[in-house]
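Colleague: Next come a sequence and a model predicted from it.
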Amino acid sequence: MLSVLEIIVPLILVILVVLPLVKVFAGKTTLQSARKRLYTHISLFFGLILFVFVWQLSGTSLFAAETAETVSGEFAGSIAQGLGFLGAALTTGVGSIGAGIAVAAAAPAAIGAFSENEKNFGKSLIFVALGEGVAIYGLLISILIINKL
């Protein structure tokens, strides 16, 4: 069961990282201010990563009472298992981004070819489907990685 502290601390950290970009997404900022906010966002993000890394290396725990329970409980795992999950997530994410780039390039060309000649529909559809295949392959490799863990 999660305590209130375990829920509030990550929420505060996420809010602190996202806060500089609120006006940028709303479109109520100048280019100079947007750059400054973006640099602030990037520095907060990497600062947070560095803080968590140093915190984990120091061995201190914010939730010291539950440390013994989590080590012997369901959250016990090795670094290799964590890296395996990270690899599976990266495989799915990068494969999906690659498929998006491929479809973004192939779909307008397919629509243009179809508008010029209706006989090109089948050929152009194959190229769009090949781009989507990259995401499916990434998902398949991700499932194989998770099955090995």
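Modeller: Sure thing, it's come through. Residues are numbered from 1 along each chain as shown.

Colleague: Pull the distance from the longest helix anywhere in the chain to the chain's centre.
Modeller: Across the chain, the longest stretch assigned as helix under DSSP state H is helix 79-116. Relative to its parent chain, helix 79-116 has a centroid offset of 13 Å by C-alpha atoms, centre = their mean, to the nearest Å.

Colleague: helix or strand right after it?
Modeller: Remark: after helix 79-116, the chain's next helix or strand is helix 121-148, criterion DSSP states H and E.

Colleague: Can you give me the domain assignment for the protein?
Modeller: Domain segmentation of the chain under automatic domain parsing yields 1-72, 77-149.

Colleague: what angle sits between the longest helix of the chain and helix 121-148?
Modeller: 170 degrees (axes from the mean of the first three to the mean of the last three C-alpha atoms, to 10 degrees).

Colleague: low-scoring stretches of this protein, by residue?
Modeller: Applying pLDDT under 70 to the chain flags residues 1-2, 59-76.

Colleague: Look up how far I126 lies from the residue nearest to F121 when sequence neighbours are not counted.
Modeller: Spatial nearest neighbour of F121, excluding adjacent residues (C-beta to C-beta, 6 or more residues apart in numbering): F114 at 5.1 Å. Placement of C-beta: from N, CA and C, glycine included. Distance, F114 to I126, using C-beta to C-beta, to the nearest Å: 12 Å.

Colleague: more neighbours, these two?
Modeller: Set F114 next to I126 and count neighbours by other C-beta atoms under 10 Å: F114 wins out with 16 against 11.

Colleague: In contact with the more buried one, which residues?
Modeller: Applying C-beta atoms under 8 Å, 6 or more residues apart in numbering to F114 gives the contacts N120, F121, S124.

Colleague: give me the number of residues near the first one?
Modeller: Residues within reach of N120, counting by other C-beta under 10 Å, total 14.

Colleague: who's in contact with it?
Modeller: By C-beta under 8 Å, 6+ apart, the residues touching N120 are A110, A113, F114.

Colleague: What is the burial count for the nearest residue to the first one once chain neighbours are set aside?
Modeller: For A110, the nearest residue in space outside its immediate sequence neighbours is S124; the separation is 3.3 Å by C-beta to C-beta, 6+ apart. Taking other C-beta under 10 Å as the neighbour definition, S124 ends up with a count of 18.
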